[in-house]
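Trainee: Everything below, folded, please.
(4 chains)
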There are 2 protein chains.
Amino acid sequence: MNTNDSRVSRSRARLIEAGKELLMKNPKASLKEVAEVAGVGRATLYRHFETREELILEIARECFKLTSQVLRPIYTDCKLSAREKVRRGLEALMPLADSYHFLLSLWNIAEGDLEVLAYYGQQMDDLTSLIEQAQKDGDIRKDLSIEWISSIIDAQVYSAWWLIGQGQASVEQAAGFAVTSLFEGINA
Amino acid sequence: MNTNDSRVSRSRARLIEAGKELLMKNPKASLKEVAEVAGVGRATLYRHFETREELILEIARECFKLTSQVLRPIYTDCKLSAREKVRRGLEALMPLADSYHFLLSLWNIAEGDLEVLAYYGQQMDDLTSLIEQAQKDGDIRKDLSIEWISSIIDAQVYSAWWLIGQGQASVEQAAGFAVTSLFEGINA
DNA sequence: TTTTTATGAGACATTTATGTATCATAACCG
DNA sequence: CGGTTATGATACATAAATGTCTCATAAAAA
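Mentor: Next up, the predicted model:
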């Protein structure tokens, strides 16, 4: 299969999009359903992805590529304070919240893959050193462990995804909420 | 089947425990696996739960009963301030974090059941009026929507579950982290 | 336009999960 | 202790998902 053929890239994109959407909501969804939603024949799905697991892993890799692509420029921008990086990162992740949620929701499968694990490790490292720096700079309190802080940053994205999905907030609103409550807390 | 028979209650308890553990990690886990982990014959599982869905719903109901049992006494205690109720509720939920995560992870199925939905609605109502009260009392900031606040309270429990599962914090530590970061935020 | 090739439709084999039924056994209850 | 009954093991039927293969067709590349 020639990657330059427009039919190939189109089918692939559709399958990944449909798979992300469906499997995220229902991890038991069949590949038949995925192909249907993608508007593509079932046989074509198997031409692109040898097995169900391979499809899931490819989607996971794609999700990490997306988040990396968005986060990297922010995290490596020397002009920004650590706190500002977290803030911008959080905002930038909002539109990708469904990719994020896919990874959470199918993590039991995705974590079995070396490439996915490498992406994950890299993003964790980036975030960890960011938090470390911010704590050193006195921007972020030191009585919370780094693991906890990165965990609740993840959780903010998750919350935002949930709220947006319920139709109870726009992307911009959710981003604002997330940044505020993450840094200032809910205390009056 | 006689509920008073000790064999019955034992089998049921084991099946629910095993199901919670397994299906939470892997929603595709088969009932054969669940029965094996429970140390119970597959046929016995079907004697207790007519279908796969019925098992999942029963576990969900059980999870809600657990959280209700823990939360109700706190929420209805008139001596406590609204803010204190949120704090104590959060701490009390920590040991039940896996029940909580089960519900999140299988929500697509659980939400289809009226009884489960009733439990959910009740807990949401309790939490909502609590937050409303706290905002009125000036304990919780008013520039965050109620939906967002309840959403990030959930998220704290989720984060705690994750961290505990990774072995990077004890239940007590996680509870402390959650309360601090929820109320004060991560600002230094 | 001509050639190449990805696709859709469908048939097919295989595996696996689901749910039902039976029967001997062992655990529980009175 | 003796009767009741839940259980385990097993066999069975059914349905559904997975993965492979073929062939005509349509769409892309040359």
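Trainee: Please name every helix or strand in contact with the least confident helix or strand in chain A by mean pLDDT.
Mentor: In chain A, no helix or strand scores lower on mean pLDDT, DSSP states H and E than helix A:82-93, which sits at a mean of 88. Helix A:82-93 is packed against helix A:52-75, helix A:114-136, helix A:146-165, helix A:171-184, with contacts defined by 3 or more CB pairs under 8 Å, 6 or more residues apart in numbering or on different chains; DSSP states H and E. C-betas here are computed from N, CA, C, even on glycine.
Trainee: and the helix or strand following that helix, what's its mean pLDDT?
Mentor: Per DSSP states H and E, the first helix or strand lying C-terminal to helix A:82-93 is helix A:97-105. Confidence for helix A:97-105, expressed as mean pLDDT, is 92.
Trainee: circling back: ranking the helices and strands packed on helix A:82-93 by burial, who's on top?
Mentor: Comparing the helices and strands packed on helix A:82-93 by mean neighbour count (mean count of other CB atoms under 10 Å in any protein chain shown), helix A:146-165 ranks first with a mean of 23.
Trainee: That one near chain B at all?
Mentor: Yes: under the criterion of CB under 8 Å from any CB of the partner chain, helix A:146-165 makes contact with chain B via A:147-149, A:151-152, A:154-156, A:158-159, A:162-163.
Trainee: Next, the angle helix B:97-105 makes with that helix.
Mentor: Using axes from the mean of the first three to the mean of the last three CA atoms, to 10 degrees, the direction of helix A:146-165 lies 30 degrees away from that of helix B:97-105.
Trainee: possible to save the residues of helix A:146-165 next to chain B as a markdown table with distance to DNA strand D and pLDDT?
Mentor: Shown next, in a markdown table, are the residues of helix A:146-165 next to chain B (distance: CB to the nearest atom of the strand, whole Å; pLDDT from 0 to 100):
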| residue | distance to DNA strand D | pLDDT |
| --- | --- | --- |
| A:Glu147 | 34 | 94 |
| A:Trp148 | 36 | 95 |
| A:Ile149 | 37 | 96 |
| A:Ser151 | 31 | 94 |
| A:Ile152 | 34 | 95 |
| A:Asp154 | 28 | 91 |
| A:Ala155 | 30 | 92 |
| A:Gln156 | 33 | 93 |
| A:Tyr158 | 26 | 90 |
| A:Ser159 | 30 | 92 |
| A:Trp162 | 27 | 87 |
| A:Leu163 | 31 | 89 |
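Trainee: And chain A, what are its domain boundaries?
Mentor: Annotated domains of chain A cover A:1-49, A:52-184 [automatic domain parsing].
Trainee: Least confident of those domains, on average?
Mentor: domain A:52-184 - the lowest mean pLDDT of the domains of chain A, at a mean of 93.
Trainee: wait, does it make contact with DNA strand C?
Mentor: No: Domain A:52-184 lies out of reach of DNA strand C by CB under 7 Å from any atom of the strand, never closer than 11.8 Å.
Trainee: end-to-end on that domain?
Mentor: From its first residue to its last, domain A:52-184 covers 43 Å (CA to CA, to the nearest Å).
Trainee: swap in stretch A:179-188?
Mentor: Stretch A:179-188 has an end-to-end distance of 16 Å (CA to CA).
Trainee: what's the offset of that stretch from the middle of its chain?
Mentor: Distance of stretch A:179-188 from its chain centroid, counting by CA atoms, centre = their mean, to the nearest Å, is 23 Å.
Trainee: Okay, and the closest residue to A:Glu62 other than its chain neighbours sits in which element?
Mentor: Leaving aside its sequence neighbours, A:Glu62 sits nearest to A:Ile16 (CB to CB, 6 or more residues apart in numbering or on different chains; 5.6 Å). Using DSSP H and E, A:Ile16 maps to helix A:6-25.
Trainee: and that helix, which residues are buried?
Mentor: Buried positions in helix A:6-25, judged by neighbour count with 16 or more other CB atoms under 10 Å in any protein chain shown: A:11-12, A:14-16, A:18-24.
Trainee: What sits closest to the residue nearest the centre of chain A if chain neighbours are left out?
Mentor: The centre of chain A sits closest to A:Tyr100, judged by CA atoms, centre = their mean, with a distance of 2.5 Å. Closest residue to A:Tyr100 apart from its sequence neighbours, by CB to CB, 6+ apart: A:Val157 at 5.1 Å.
Trainee: That neighbour touches A:Met94, doesn't it?
Mentor: Yes: counting by CB atoms under 8 Å, A:Val157 does reach A:Met94; the two are 7.4 Å apart.
Trainee: What separation do you get for the closest residue to A:Ser9 other than its chain neighbours and DNA strand D?
Mentor: Using CB to CB, 6+ apart and skipping residues adjacent in sequence, the residue nearest A:Ser9 is A:Thr3, 6.7 Å away. Per CB to the nearest atom of the strand, to the nearest Å, A:Thr3 is found 10 Å from DNA strand D.
Trainee: A:Thr3 and chain B: what is the separation?
Mentor: Look at A:Thr3 and chain B: by CB to the nearest CB, to the nearest Å, they are 31 Å apart.
Trainee: do the same with A:Tyr46
Mentor: Counting by CB to the nearest CB, the separation of A:Tyr46 from chain B is 19 Å.
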